[in-house]
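Undergrad: Everything below, folded, please.
(one chain, ligands or ions: 2)
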Amino acid sequence: MATTSLEKNKIKFLLLEGIHPSAIELLNANGYTNVEHLSTALSEEELKEKIADVHFIGIRSRTQLTPKVLEAANKLIAVGCFCIGTNQVDLSSAQEKGIVVFNAPFSNTRSVAELVLAEAILLLRTIPAKNMKAHRGGWEKSAANAYEIRNKKIGIIGYGNIGSQLSVMSESLGMEVYFYDVVTKLPLGNATQLADMKSLLGLCDIVTLHVPETPSTKYMIGPDEIAAMKPGSVLINASRGTVVNIDALAEALRSQKLLGAAIDVFPVEPKSNTEEFISPLRGIDNVLLTPHIGGSTVEAQENIGKEVAEKLVKYSDNGTTITSVNFPEVGLPSHPGQHRILHIHKNIPGVLSEINRIFFENNINISGQFLDTKDKVGYVVIDVEAEQSQIALEKLQHVNGTIRCRVLY
Ligand SMILES: NC(=O)c1ccc[n+]([C@@H]2O[C@H](COP(=O)([O-])OP(=O)(O)OC[C@H]3O[C@@H](n4cnc5c(N)ncnc54)[C@H](O)[C@@H]3O)[C@@H](O)[C@H]2O)c1
Ligand SMILES: O=C(O)CC[C@@H](O)C(=O)O
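TA: Numbers count the residues shown, from 1 in each chain. Ligands and ions are numbered 1, 2, ... in the order given. Below is the predicted model:
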């Protein structure tokens, strides 16, 4: 597929799931005014229809960009995940189609860490059950099963951007911090990395999960892991719903093996705020249930809106793919007076030499060239004199392995 860049007002953006208006403001300020903004996610069928004439799509965690949806996305240039998780996008199908995927790896991390800390305090005071009782007219003024978090042991599974921030905040409240991660990490403050997860589970009063959704984290907390947890400890999950076996957790809460739990993410989540939330955890008093709002604060959403919109603008204006999660990362200077050719191709030998042969044979001077590859794709960016870009575009689309080729003005 070969194209030249459209007028900015003809480049269509579709933003789903109530993405913060800061994204629209930034797009508009950069000349991208063709923006449709919906407050909900769409079903696969609706999305297949809607995505067909969209150049850029913005989603959060509910929109599933499956291979079938991407198959229908003939004009799609890039995806912006206005969140951290990218498990809702088939990243490898997107890569094979030359669609660049961006996310916001930092903007909501503080919000999640704050919520987890608040939940740890509430759970150790058995507030969820006392709160439920009071709503039903009960009154449980008692210190039984109510503890300070000072001097307690918190076990963080996944010591990335959220886990490590939580580590620092927990220590400042007087907690002992232990963590488990598949990667050896620099422990912040006095935190201790443990070599295996089971040791952490048997040691800690609070266990909190901060891993991504991957095959290795699927149901990593099941009946055996819950059995290995310290009796009377609490479990917090604000990572992904597939990380915990929810039936095993419900059983451990009913039997009071665990003092409590706080769960923000679920194996199946409602598609919209009007759909019913169904879970085996409903009705259990010592569990705090929240509707996947760990990162949903005004501050985080406003920052995410700007951060991801800016990445989409930079890619559209300039071809820059820095921080993309599925694409070679190429950081590019501006190209005043020049035309910029973006050539996305299969990562096979010989493509660059074929491109350079074409430039040589057609006497097209290259004023700048950038290349990187990742997994199955290669990305070459070439700056040329304006009057030579059309002939170059015409020739380059026939290079063996070409996925997409575009010219930016
Ligand atoms: N509830 C919410 O609203 C909310 C908000 C933001 C993020 N999240 C979720 O939290 C996750 C973590 O976010 P982050 O920014 O800290 O991510 P991150 O990538 O910075 O950190 C993840 C850490 O998990 C580790 N890890 C991966 N697989 C592991 C395994 N099998 N066992 C142990 N450790 C493992 C990684 O090495 C890494 O250190 C995200 O992927 C997202 O799914 C949820
Ligand atoms: O905003 C969302 O829908 C997802 C938030 C969170 O899970 C993330 O991955 O950043």
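
Undergrad: use CA for all of it now, contacts and neighbours both
TA: Will do.

Undergrad: How about the residues of the chain by ligand 2?
TA: Counting by Cα under 6 Å from any ligand atom, the positions of the chain adjacent to ligand 2 are 60, 61, 83, 84, 85, 295.

Undergrad: neighbours around the second one, how many?
TA: Using other Cα atoms under 10 Å as the criterion, residue 61 is surrounded by 18 other residues.

Undergrad: Could you do the last one as well?
TA: Neighbouring residues of residue 295 were enumerated by other Cα under 10 Å; the total is 22.

Undergrad: To which secondary structure element type does it belong?
TA: Three-state call for residue 295 (DSSP: H, G, I helix; E, B strand; the rest coil): coil.

Undergrad: Nearest spatial neighbour of it, chain-adjacent residues omitted?
TA: If the residues on either side of it in the chain are set aside, residue 295 comes closest to residue 108, at 4.9 Å by Cα to Cα, 6 or more residues apart in numbering.

Undergrad: picking up where we left off before, show me which of the residues of the chain next to ligand 2 is closest to residue 96.
TA: Nearest to residue 96 out of those is residue 85 (Cα to Cα; 20.1 Å).

Undergrad: Phi and psi next, for the closest one.
TA: Recorded main-chain torsions at residue 85 are phi -60, psi 140, according to degrees, to the nearest 10.

Undergrad: residues contacting it?
TA: Neighbouring residues of residue 85 by Cα atoms under 8 Å, 6 or more residues apart in numbering: 61, 103, 212, 213.

Undergrad: let's go with 7 Å and repeat that
TA: Residue 85 makes contacts with 61, 212, as judged by Cα atoms under 7 Å, 6 or more residues apart in numbering.

Undergrad: quick one: residue 233 from ligand 1, how far?
TA: Look at residue 233 and ligand 1: by Cα to the nearest ligand atom, to the nearest Å, they are 20 Å apart.

Undergrad: Please verify my assumption that that residue contacts residue 208.
TA: No - look at residue 233 against residue 208 with Cα atoms under 7 Å: they stay out of range, at 10.9 Å.

Undergrad: Check which helices and strands the helix or strand encompassing residue 367 sits against.
TA: Residue 367 is located in strand 366-374, with elements delineated by DSSP states H and E. Where contact means 3 or more Cα pairs under 7 Å, 6 or more residues apart in numbering; DSSP states H and E, strand 366-374 is packed against strand 377-385.

Undergrad: Output the strand it packs on in CSV with nothing but the alpha carbons.
TA: The C-alpha atoms that make up strand 377-385 are tabulated as CSV, following Å, rounded to 0.1, in the frame of the first residue of the first chain:
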residue,chain,number,x,y,z
VAL,A,377,9.2,-5.6,10.6
GLY,A,378,11.7,-3.1,9.4
TYR,A,379,11.2,0.6,9.2
VAL,A,380,13.2,2.8,6.9
VAL,A,381,12.8,6.6,6.8
ILE,A,382,14.3,8.6,3.9
ASP,A,383,14.3,12.3,3.4
VAL,A,384,14.4,13.5,-0.2
GLU,A,385,13.9,16.7,-2.2
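
Undergrad: Which of the residues in the next helix or strand after that strand are classified as buried?
TA: Note on strand 377-385: by DSSP H and E, the next helix or strand toward the C-terminus is helix 389-396. The neighbour-count check on helix 389-396 (16 or more other Cα atoms under 10 Å) flags 389, 390, 392, 393, 396 as buried.

Undergrad: mind putting those residues in JSON lines, pLDDT included?
TA: Putting these into JSON lines (pLDDT from 0 to 100) gives the following:
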{"residue": "389", "pLDDT": "93"}
{"residue": "390", "pLDDT": "92"}
{"residue": "392", "pLDDT": "93"}
{"residue": "393", "pLDDT": "93"}
{"residue": "396", "pLDDT": "95"}
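
Undergrad: What residue, apart from its backbone neighbours, is nearest residue 285 spatially?
TA: The shortest distance from residue 285 to any non-neighbouring residue, by Cα to Cα, 6+ apart, is to residue 129 (4.7 Å).

Undergrad: for the stretch 151-300 of the chain, which spans come out with low pLDDT?
TA: Scanning the stretch 151-300 of the chain for pLDDT under 70 picks out no residues.
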